[in-house]
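Asks: model the structure of this input:
(2 chains)
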Amino acid sequence: MSNRTSIKVALEIVGTVLMVVGALLIGAVLVVLSENNPIEAYQAMIAGAFGSKQKIAEVVVKLIPILIMSLGVSIAFKAQLWNIGAGGQFLMGSIVSVAIALYVPVPIWLRIPLSFAAAIVVGAGWAALAGWLKARFSANEVITTLMLNYIAHYLLLYLINGPMQDPYSDLSQTDVIPDGMRLTKLLGPTFRLHSGLFIMIAVVVLMIFFWRTTLGYRIDLTGQGEKVATYSGINVNRTVILTMGLSGGLIGLAGWIEIFGIQFRLLDGIAGGLGNTATIVALLGSLNVYGVIAAAIFFSALLCGGASMKRMTDVPYSVVDVIQGLIIIFVIAKNVVWDRCDPMKLFSKKKGYSQHAE
Amino acid sequence: MLSEILSIGFLTSLLAGTIRLATPILMPALGQIYTQRAGILNLGVEGTMLMASIIGFATVASGGGLWMGFLVGILAGAIFSLLMAWLSVTLRVNQVIAGIGMNVLATGLAAYVYRLLFGIRALPAKITSFQAVDLPGLSDIPCIGTVFFQHNVLVYLAFALVPFTWFVLEKTMFGLKIKMVGEHPRAADSKGISVTWIRYAAIVIGGAYAGAGGVFMTIAYLNMFTESVIGGFGYIAVSVVIFGRFDPYKAMSGALLFGFASALQVRLQALGSGIPSQLLLMLPYLMTIAALIFASKKAEFPSAYAIPYSRMER
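Replies: Alright, predicted model coming up:
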C-alpha cells in the first residue's frame, strides 16, 4: 500500500466517523425534542452495549447475523446488484431450517447438516430468483427483492398460523427444535453467545480471500458495467444470477444460525430489522470486508444499546432507526463531496462504492 | 362458495374496492411519471408516502380539518422528496442507494413523530376520515352506483389527475422539457434548459403526488396511522410506472390491476373463502413481480434513466 493510498484510506475513515457522529448529534436533538436528556440517553446506550460481560456477549450475539448478512449483501452490491431482499432471504433460510429440524424423519445428527445446507440453498434460490428475473426479463432487482420480502413474510405468517403452528400452543409460533440440535452455548447457560461465532469467523476469512478468486474478480468486473464485463469475456447474465445466489446463500445461512443458536423456533418478527441493517452496514463499510466488520460491530452495539436505552429511559426506539437512516444519507453524501474535494481523485479509477475495496 | 363469488353483491363490492384501492397506487404512480420521465428513479416514494401519511394524519388529529390534512400531506411529500432531489441531482449519488436511505430514514421519522405527538397508547389514535360523497341520482343506481359513485372525493380527484398529468406531459412546454431532460440532458442543456431545475421540479411534483397518495391512506382509506400503512405501495407505484411505459393512461390500468388484486384479497377474506388470509395478502406483491416480467423488456426507458447529469463530464 503506497503512502498516498494509506492517506486516502485514513481520510475515508475520518470522514465516515464524522458522518456517524453527525447522525448521532441529530439523534441527540430528537432525544431532546422527546423531552429526554440526550446525555442520559447515550449513557444508557453505551452502558446497554458494553456495561457488563453479559451486555458485550449480547453485542456479539447480534453481530453474528448482522455481519454474515452484510457480507452477503455486499457481494451483490459489488456487482451493482441492489439486493435489498436480505430480510426475505433470511426468513426463507429460517423457515426451511425449522421445517427440516422438526419434520424430516432422519436421525438428529443428520438433520443438522441437512438443514444447514438447505438454508443456504433456499436463501440462495430466493435471491437468485430476483437475479434470474433481472437477467431474463430485465426486471428491476430492487423491486423484485422487496416484493419477495413481503411474500416471504406472509409465507412465514401463514406457516406459523397454519401447517407449522405448535399443536400444543395457541400462539402463532412453531414448536422448538430439539435440544440436541442447538448450537453449543460458549460461555455457559447464562450467556446466549453460541458456537455460531465460529461460523461467522469462517465466513469472514472466506470473504477476505473471496475477492482474490476468479469468481470474485468476475463479480467485481460485472459491477463496473455491462460493457466492461462483456469485453472481458464474462457472461453477464450468468454472473448476475450466480452473484445474487451467493449473496442470498450467506443470508440464508444467517437465518439457520439464528434459528439453531438463538430463536429455536419460527415466530413473527424473527427477522426484525436485520435486512435493513445489513444493507446499511454493507454501504457504511464501503463494501470492503474490513469496513463491513467495523460497521457491523458499530451497528450491533447501536442496536443493543438502543434496545437497552428504550428499557431504561423514555426515549422512543425510533430514534435509533432515524440514526440508521441519517447514517446512510450522510455517508453517500460524504462519498461524493469527499471525492470532489479530493486532490488525488485523478488516481481513482472509477466512481462509486467499489472504488474503496481492495 | 363459487355461487357466492359469482353473486352480484360480491362483484360490485369487489369492483368498488378495486377503484378505492387503486387510488393510493395511482396517485404516486402518476407523480413518478414526471420524475422517471425526467430520468430519475426515485425509490424513496415509499418513505415519502409514509412521511405524508403521518404528517397529514397528525394535522387532522390536531383539529386542522380533512382538507388541511390533505394539503399538508402533499406539502410534506414535496418537502421530503427535496432530499431525493438534492442527493440525486445536486450530489449525483447512486439513486438506488439514495432511495433506500430515504426509506429507512422515513420509517424511523414517521414512528418518532407518531410517538412524539400521540404517546404510547393501547388503542391507535383515530380520526373521522373522508366519507363517501352522495351524488343524488347517481349513487342510488343499482350496481353501477355502488361501483362508481359511492367513493370519497379523493378517489375522484386521483382519477381526474390522469388526464391532467397526460395534458401537462404531452401538451405543455414544461412537459416537453421534462421529457427532453430525461432523453438527452446534454441537448436540453445546450438549448438553455436547466437540467438541474427541471429535474428538481419533476422530483418535487412526484413527491407531492406521492404525498397525496400517502395521506389518502390515513385520512381517506383508513382513519388511523400504523407504521406499515404504506406496505410497499410506493414500490408498487414505481413498478406500475414501468409497467405502464411512462404513460398516465396505461399507468391507470396498471393501478386498477393492483387495486383489483388488493380488493380481491380483501373480499375473499371477508367471504371466508377458506384460502388462508396470509396467502391472499401475497397477491399484490406476486402481481408486481408478474407485471415486471411482462413489461420490463418492452418498456422504453428514457435514455438518461437513473444517470446523473454533469456538464463537466462527457
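Asks: quick one: residue A:315 is in a strand?
Replies: No. Using DSSP: H, G, I helix; E, B strand; the rest coil, the secondary structure at residue A:315 is coil, not a strand.
Asks: quick check: pLDDT value at the one residue in the stretch 1-150 of chain A that gets nearest to chain B.
Replies: Going by Cβ to the nearest Cβ, chain B is nearest to residue A:139 of the stretch 1-150 of chain A, at 3.8 Å. Using the backbone N, CA and C atoms, a C-beta is placed for each residue, glycine as well. If you check residue A:139, the pLDDT there is 89.
Asks: again, but for the one 3 residues further on
Replies: Looking at residue A:142, its pLDDT reads 87.
Asks: for residue B:230, same thing?
Replies: Residue B:230 is given a pLDDT of 94.
Asks: contacting residues around it?
Replies: When contacts are counted by Cβ atoms under 8 Å, 6 or more residues apart in numbering or on different chains, residue B:230 touches B:46, B:49-50, B:53, B:214, B:217.
Asks: cool, and residue A:71?
Replies: A:203-204, A:207, A:250, A:282, A:289, A:292.
Asks: return the member of the contacts of residue B:230 nearest to chain A.
Replies: Among the contacts of residue B:230, and counting by Cβ to the nearest Cβ, the member closest to chain A is residue B:46, at 8.7 Å.
Asks: next one: phi and psi at the closest one?
Replies: Residue B:46 adopts backbone torsions of phi -60, psi -50, taken as degrees, to the nearest 10.
Asks: what is the burial count for residue B:269?
Replies: 14 (other Cβ atoms under 10 Å in any protein chain shown).
Asks: how close does the closest residue to it other than its chain neighbours sit to residue A:16?
Replies: In space, and not counting its chain neighbours, residue B:269 is closest to residue B:277: 4.9 Å by Cβ to Cβ, 6 or more residues apart in numbering or on different chains. As judged by Cβ to Cβ, to the nearest Å, residue B:277 and residue A:16 stand 44 Å apart.
Asks: likewise for residue A:73?
Replies: For residue A:73, the distance to residue A:16 - Cβ to Cβ - is 18 Å.
Asks: which parts of the stretch 1-150 of chain A sit against chain B?
Replies: A:30, A:33-34, A:82, A:84, A:133, A:137-140, A:142-144, A:146-148, A:150 (Cβ under 8 Å from any Cβ of the partner chain).
Asks: low-confidence bits of the chain, can you list those?
Replies: In the absence of a named chain, chain A is used. Within chain A, the stretches with pLDDT under 70 are A:1-2, A:341-358.
Asks: um, chain B though
Replies: Ranges of chain B meeting pLDDT under 70: B:1-6, B:296-299, B:314.
Asks: for residue 301, what are its contacts?
Replies: As the question left the chain open, I've gone with chain A. Counting by Cβ under 8 Å, 6+ apart, residue A:301 has contacts A:49-50, A:59.
Asks: right idea, wrong chain: chain B
Replies: Taking Cβ under 8 Å, 6+ apart, one finds residue B:242 in contact with residue B:301.
Asks: and it, which of the three is it?
Replies: Look at residue B:301: counting by three-state DSSP, its state is coil.
Asks: backbone phi and psi for it, please?
Replies: Given degrees, to the nearest 10, the pair of backbone angles that residue B:301 has is phi -70, psi 150.
Asks: gap between residue B:94 and chain A?
Replies: 7 Å (Cβ to the nearest Cβ, to the nearest Å).
Asks: ok, now residue B:310?
Replies: The separation that residue B:310 has from chain A, given Cβ to the nearest Cβ, amounts to 11 Å.
Asks: what number of residues lie near that residue?
Replies: Neighbour tally, residue B:310, other Cβ under 10 Å: 11.
Asks: which SS state does the residue nearest to it when sequence neighbours are not counted fall under?
Replies: Distance criterion Cβ to Cβ, 6+ apart; nearest residue to residue B:310, sequence neighbours excluded, is residue B:92 at 6.3 Å. For residue B:92, the assignment made with three-state DSSP gives coil.
Asks: distance of residue B:92 relative to residue A:80?
Replies: 16 Å.
Asks: show me which of these two is the more surrounded one.
Replies: Legend: neighbour count by other Cβ under 10 Å for residue B:92 and residue A:80, higher for residue A:80 (20 against 17).
Asks: that one contacts residue A:220, correct?
Replies: No. When contacts are counted by Cβ atoms under 8 Å, residue A:80 is not listed as touching residue A:220 (10.1 Å).
Asks: surely residue B:140 is within a strand?
Replies: No. Assigned with three-state DSSP, residue B:140 falls outside any strand and is coil.
Asks: burial check on it, number of neighbours?
Replies: If you count neighbours by other Cβ under 10 Å, residue B:140 ends up with 12.
Asks: over to residue A:171?
Replies: For residue A:171, using other Cβ under 10 Å, the count is 13.
Asks: cool, and the one 4 residues further on?
Replies: Residues lying near residue A:175 (other Cβ under 10 Å) number 18.
Asks: might one say that it is in contact with residue A:101?
Replies: No. The pair residue A:175 and residue A:101 fails to qualify as a contact (Cβ under 8 Å) at a distance of 9.6 Å.
Asks: before we move on, the earlier item: show the buried residues in the contacts of residue A:301.
Replies: Neighbour counting by 16 or more other Cβ atoms under 10 Å in any protein chain shown classes A:49, A:59 among the contacts of residue A:301 as buried.
Asks: circling back: in space, what's closest to the residue of the stretch 1-150 of chain A closest to chain B - neighbours in sequence excluded?
Replies: residue B:292 (3.8 Å).
Asks: dump the residue contacts of residue A:158.
Replies: Here residue A:158 is in contact with B:276, B:278-279 (Cβ under 8 Å, 6+ apart).
Asks: my guess is residue A:289 contacts residue A:206, does it?
Replies: No. Shown here, residue A:289 and residue A:206 do not form a contact pair, counting by Cβ under 8 Å, at 9.9 Å.
Asks: list residues touching both of the two?
Replies: Joint contacts of residue A:289 and residue A:206 (Cβ under 8 Å, 6+ apart) do not exist.
Asks: which one's more surrounded, those two?
Replies: Shown here are residue A:289 and residue A:206; by other Cβ under 10 Å, residue A:289 has more neighbours (22 against 13).
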